[in-house]
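A.B. asks: can you look at this prediction? I've put the sequence above it.
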Amino acid sequence: MRLDVRFVDRVGIAQEILAVLARRQLNVAAVEVWPPHIYIDAPQLAAAELEDLRGALDEVSGVVETTEVDLLPGARRRLHLEALLAAMADPVLLVDASGRVSAANAAAAAVAGVSEAELPGRALGELFSDPALETELPRSGFRAPAREIMVRGKPFLLEATPVSDAARGRVAAGGLVTLQSPRRIGDRLQALHALAAFGGFDAIIGESPPMRALKTRAARVAGVEATLLIRGETGTGKELVAQACHLASPRREAPFLALNCAALPESLAESELFGYAPGAFTGAQRGGRPGLLEMANHGTIFLDEIGEMSPYLQAKLLRFLNDGRFRRVGGDREIQVDVRVLSATHRDLEAMVAGQRFREDLFYRLNVLGLEVPPLRARGEDILLLARHFLERACTQVQRPTCELSRAACAALLANDWPGNVRELHNVLFRAATLCDKPVLDAADFDLAGSRALLAEPSAGREGDHSWSRAVEAFERGLLERLYPEFPSSRKLAAHLKTSHTMMATKLKKYRIPGRRS
């Protein structure tokens, strides 16, 4: 039985309390004193003897109350610590000031290839076959920068946090050592990007026929274990499509990591993608560093603007695509990972292949499956859907009441060319929501330089008719009636408005505009 004896602190009271148990020949297995409490573990104490013992303890001057408890505080802390360590996916070891293991979790034992019972007392250098750890970590007070170590042939990033002894003036009494695999680092990078909050294909805004066709095709290829090349003009949302394909694939629980091939010089892009070995170059992180391919193991890597990749990196990527193996920069060890490669470009890769600016063999390796993201001008039905979404989000972001779009504003947005596509539309709406205080935004509030925006109100439609669909129809009818005399066929109109001939033919038929034959 375990007891909690609460008392008024005075010199010698703990000895007097224990003497009461000694006179009754009760063995004491453990004692913890935390004034005003003394916790006693008396295994031989029976429940029938508790009342008599409580009466005897009450006679000790200063004893206030005696109650039964399930665990002593120290045992409870150890139990909680063990549960916490067991729940951690990363290998964690608590080491003393000399660098020997005091406690560790099951993940650490699995990585080291020993049982949990064998870990306490083992030196870190011996455990991980790195003798330098035994001197470096204690000498630095367990404040050494993160470094990569090899444990049984596998790389891990080692991080140490000092455990201070308050009684010794905050001197490090040991440290908490954590090991992170490249895959776990990739999981954390993905969490920072909040990819899990992305709703997949349903979160891609667009109900136009081109977008419905894109989503249908993308959902079909998402689960296929093959490379995928996503094409489209800049700003069309190719990375969103790539993210949706990842979330719809069997790899959805693994990391999705991206590299923009146009954003970094060749040397940095290589080290980012493939990682680097210890001492690979001046200023390199000690112990080396895993690249995105290692961190995305069993997941997906997205190479944006693949057309900007240098010939050297093209050759290195091609070799990886052939057998899933690569070497880090400056390394001599082959690393094999299981990663699906998605890539995207706005360039004409066929023309680049013909001009010998892009490897033909790499092109065919990347283009096993393909998707084409339509430009915004080819999905006019989605412009106002996107505009309302971006406007609402922008108003929330700048902390102002949600504003609306006037008919003239809708007409201006629909008539614009949008060479920057969805990204340009987002910027225009954000800028307007930030700089204008009006509850209703007009066409003049948008910065649409170089557009063919029609700033006048649509002629059709009644002033009191506030139906969104009727306002859109009124604009479409007015636009086509105005342009048809100058471009008297569906093909000419489609070419002028930079949209599809099929959509123009459908609109001309819908509004009964004469001469709609192509």
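C.D. replies: Perfect, thanks for sending it.

A.B. asks: if I look at the residue sitting furthest away from the middle of the chain, how far off is Ala75?
C.D. replies: The C-alpha centroid of the chain is most remote from Arg23, which lies 64.3 Å away (CA atoms, centre = their mean). Applying CB to CB, to the nearest Å, the value for Arg23 to Ala75 is 26 Å. To be clear about C-beta, it is placed using only N, CA and C from the backbone, and glycine gets the same treatment.

A.B. asks: repeat that for Ala387.
C.D. replies: Distance of Ala387 to Ala75, given as CB to CB: 63 Å.

A.B. asks: and the residue farthest from the centre of the chain, what are its phi and psi?
C.D. replies: Torsion angles at Arg23 (phi, psi; degrees, to the nearest 10) stand at phi -60, psi -30.

A.B. asks: and if you look at the one 4 residues further on?
C.D. replies: In this entry, Asn27 is assigned phi and psi values of phi -70, psi 140 (degrees, to the nearest 10).

A.B. asks: what about it, how many residues nearby?
C.D. replies: Neighbour count for Asn27, taken as other CB atoms under 10 Å: 11.

A.B. asks: about what we covered before: the residue farthest from the centre of the chain and Gln399, how far apart?
C.D. replies: To Gln399, Arg23 is 73 Å away according to CB to CB.

A.B. asks: one more: Pro278?
C.D. replies: 48 Å.

A.B. asks: okay, the two: which has more neighbours?
C.D. replies: Legend: neighbour count by other CB under 10 Å for Pro278 and Gln399, higher for Pro278 (15 against 6).

A.B. asks: which helix or strand contains the more buried one?
C.D. replies: In the assignment (DSSP states H and E), Pro278 maps to no helix and no strand.

A.B. asks: helix/strand/coil for Leu45?
C.D. replies: Assigned with DSSP: H, G, I helix; E, B strand; the rest coil, Leu45 falls in the coil class.

A.B. asks: ditto for Asp437
C.D. replies: Asp437 is classified as coil under three-state DSSP.

A.B. asks: cool, and Glu16?
C.D. replies: Of the three states, Glu16 takes helix under three-state DSSP.

A.B. asks: so how far is Arg10 from it?
C.D. replies: Glu16 sits 9 Å away from Arg10, taking CB to CB as the criterion.

A.B. asks: compare Ala387 and Ala75 and say which is more crowded by neighbours.
C.D. replies: More neighbours surround Ala387 than the other of Ala387 and Ala75, with 22 against 15 (other CB under 10 Å).

A.B. asks: what about stretch 81-94, distance to the chain center?
C.D. replies: Computed by CA atoms, centre = their mean, to the nearest Å, the chain-centroid distance of stretch 81-94 equals 23 Å.

A.B. asks: quick one: buried residues of it?
C.D. replies: Buried positions in stretch 81-94, judged by neighbour count with 16 or more other CB atoms under 10 Å: Leu85, Asp90, Pro91, Val92, Leu93, Leu94.

A.B. asks: restricted to helices, list the residues you listed.
C.D. replies: Leu85 (DSSP state H).

A.B. asks: would you mind giving the buried residues of stretch 81-94 as TSV with pLDDT and distance to Val5 added?
C.D. replies: Output for the buried residues of stretch 81-94, formatted as TSV (pLDDT from 0 to 100; distance: CB to CB, whole Å):
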residue	pLDDT	distance to Val5
Leu85	75	32
Asp90	83	41
Pro91	87	41
Val92	87	36
Leu93	86	37
Leu94	85	31
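
A.B. asks: can you list the low-confidence ranges for the chain?
C.D. replies: Scanning the chain for pLDDT under 70 picks out 165-172, 185-199, 279-287, 449-469, 471, 514-518.

A.B. asks: between Glu16 and Arg10, which contacts overlap?
C.D. replies: By CB atoms under 8 Å, 6 or more residues apart in numbering, Glu16 and Arg10 have these common neighbours: Ser61.

A.B. asks: show the contacting residues for the closest residue to Glu334 other than its chain neighbours.
C.D. replies: Nearest-residue entry for Glu334: Arg325, 5.1 Å, with adjacent residues in sequence omitted and distances by CB to CB, 6 or more residues apart in numbering. Shown in contact with Arg325 (CB under 8 Å, 6+ apart): Arg319, Glu334, Ile335, Gln336.

A.B. asks: which one's more surrounded, Glu16 and Arg10?
C.D. replies: Just comparing Glu16 and Arg10: by other CB under 10 Å the higher neighbour count belongs to Glu16, 16 against 11.

A.B. asks: quick one: buried residues of stretch 398-407?
C.D. replies: Along stretch 398-407, these residues count as buried under the neighbour rule (16+ other CB under 10 Å): Cys403, Leu405, Ser406, Arg407.

A.B. asks: quick check: of the residues you listed, which lies closest to Leu429?
C.D. replies: Using CB to CB, Leu405 is the member of these that lies nearest Leu429, at 9.1 Å.

A.B. asks: surely that closest one is in contact with Lys438?
C.D. replies: No. Using CB atoms under 8 Å, Leu405 makes no contact with Lys438, being 11.0 Å away.

A.B. asks: would you mind giving the domain segments of the protein?
C.D. replies: Domain ranges of the chain: 2-75, 88-180, 187-372, 392-510, per automatic domain parsing.

A.B. asks: want to throw the ones you listed into a markdown table with distance to Arg379?
C.D. replies: Shown next, in a markdown table, are the domains of the chain (distance: least, CB to CB, whole Å):
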| stretch | distance to Arg379 |
| --- | --- |
| domain 2-75 | 65 |
| domain 88-180 | 43 |
| domain 187-372 | 4 |
| domain 392-510 | 8 |
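
A.B. asks: looking at the ones you listed, which is nearest to Asp382?
C.D. replies: domain 187-372 (4.3 Å).

A.B. asks: which non-adjacent residue is nearest Phe390?
C.D. replies: Nearest residue to Phe390, sequence neighbours excluded (CB to CB, 6+ apart): Leu429, at 4.1 Å.

A.B. asks: secondary structure element for that neighbour, which one?
C.D. replies: helix 421-435.

A.B. asks: chain center to the helix or strand that that helix is followed by, what's the gap?
C.D. replies: The helix or strand immediately downstream of helix 421-435 is strand 440-441, counting by DSSP H and E. With CA atoms, centre = their mean as the basis, strand 440-441 stands 36 Å off its chain's centre.
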